[in-house]
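> dropping a prediction and its sequence here:
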Amino acid sequence: MDKTVYQTIPQDQIRAISGLEFLQRIIRGDLPEAPFLKLVGARMVFAEEGKVVVETTPSTKHYNPLNVAHGGFATTVLDTAMGCAVQTTCGAGTASTTLELKINLVRAITANVGKLRAEGQVIHRGKTTATAEGRLVDSGGKLLAHANCTCLVVEVR
């Protein structure tokens, strides 16, 4: 049984700073990484307003019964990159959450592909919703998957 303890961030700390500052503090190590990203072996490495990069390296622990990475693996890292890209546009006291997500898996992902980079970019930011797109590429820039999402912007409670 896994007895790992994953640290979370108190809501009052999340409410107090902008989404961009929040994510940059995570990248710098001033705040803990998201437990789910640790679980899948991914890490946010870059954040600026409207753009986030998440890196990961697939392994056999991500495989489905057909010996390729489960579609949920690519979906997870792309959803994170896109959702966090939207989060960079949120002011203190607001956050974003995914409403809708569409992904296209265009190449098989295996443990042999090496480090992957998921890039999320905001396409539109409205008052209560935002859209973003994402690309998952290997170290040579070859496209493995791409996605679009719609996020809801909400008050952090």
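Structure's in. What do you need?
> ok, and the closest non-adjacent residue to T97?
Excluding the flanking residues, the one nearest T97 by Cβ to Cβ, 6 or more residues apart in numbering is L152, at 5.5 Å. Using the backbone N, CA and C atoms, a C-beta is placed for each residue, glycine as well.
> sec struct for that neighbour, please.
strand (DSSP: H, G, I helix; E, B strand; the rest coil).
> count of neighbours near it?
14 (other Cβ atoms under 10 Å).
> which SSE is immediately downstream of the helix or strand harbouring R43?
R43 belongs to strand 42-48 when elements are defined using DSSP states H and E. Tracing the chain past strand 42-48, the next element assigned as helix or strand by DSSP H and E is strand 51-56.
> listing partners with orientation, what would you give for that following strand?
strand 42-48 (antiparallel), strand 116-125 (antiparallel) (DSSP bridges).
> can you tell me the SS state at the residue most central in space within the chain?
Note on the chain: the residue nearest the mean C-alpha position is T80, at 1.6 Å, using Cα atoms, centre = their mean. Judged by three-state DSSP, the three-state class of T80 is helix.
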